[in-house]
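K.L.:
Pasting the sequence and the predicted coordinates here, then a few questions.
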Amino acid sequence: MFIGTYRHNLDPKSRIIMPAKFREELGETFYVTKGLSGCLLAMPLDKWESLVNQIASRPMPEAQTLQRFFCAGADEAVPNSQGRFLIPEHLRKYAGIEKEVTIVGTGKQIEIWSSEKWDEISAAATEESIAELMQNITF
C-alpha cells in the first residue's frame with residue numbers, strides 16, 4: 001500500500017527520486033501516465049496491466065478515448081541505483097511540473113504533482129468537505 005507525501009526537486013536531467021518506501025512495491029520497472037486533476041500516476045506492472053485490460057474491455061469508442069488518454073503518453077520508468085527516474089517532457093508539461101515535485105501515496109497508486117498544484121488541491125480539502133465525503137465510511 002502506498003501512503004505518505006514526499007517532496008523532491010527535478011534534477012538537471014529532469015529526473016526525480018522515487019521514495020525508497022515506494023520503490024520495493026513498484027518493482028524495477030513501473031509505469032507513469034497522465035492522471036486526473038492534472039497529476040501523473042505511477043503504478044507497478046500488475047496495476048498497469050489491470051488498467052490497460054479494463055480499458056480494453058470497454059465498448060468502442062469509449063475504450064479508444066481512454067487508451068489515448070492513459071496509454072498513448074505513458075512511459076515505462078526504470079529508476080537508477082539512487083532511485084531517480086526520468087519524467088518525459090510531455091508528462092511534465094501535462095502536470096505543470098517545472099522544479100518542485102510532490103509524490104503522494106494514495107493507497108493503490110502514486111500521484112506525482114507539481115508542488116504548487118498539490119498545495120492548491122490540499123488547501124481545497126477542508127475538514128467540512130472531507131466530513132461530507134465520509135458520510136457512509138466508517139473506521
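P.N.:
Thanks, I have the structure now.

K.L.:
and Pro79, which of the three is it?
P.N.:
Judged by DSSP: H, G, I helix; E, B strand; the rest coil, the three-state class of Pro79 is coil.

K.L.:
tell me, what residue is most central in the protein?
P.N.:
By CA atoms, centre = their mean, the chain has its centre lying nearest to Leu41, at 2.0 Å.

K.L.:
That residue falls within a strand, correct?
P.N.:
Yes: judged by three-state DSSP, Leu41 forms part of a strand.

K.L.:
Which neighbouring elements make contact with the longest helix seen in the chain?
P.N.:
Longest helix of the chain, by residue count under DSSP state H: helix 45-56. If you count contacts as 3 or more CB pairs under 8 Å, 6 or more residues apart in numbering; DSSP states H and E, helix 45-56 packs onto strand 30-34, helix 62-70. For the C-beta atoms, the positions are set from N, CA and C on the backbone; glycine is no exception.

K.L.:
For these, give me CSV that also has mean neighbour count, distance to Met1 and mean pLDDT.
P.N.:
CSV is the format used below for the helices and strands packed on helix 45-56 (neighbours: other CB atoms under 10 Å; distance: least, CB to CB, whole Å; pLDDT from 0 to 100):
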stretch, mean neighbour count, distance to Met1, mean pLDDT
strand 30-34, 21, 15, 97
helix 62-70, 14, 22, 96
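
K.L.:
That's all I had, so thanks and see you.
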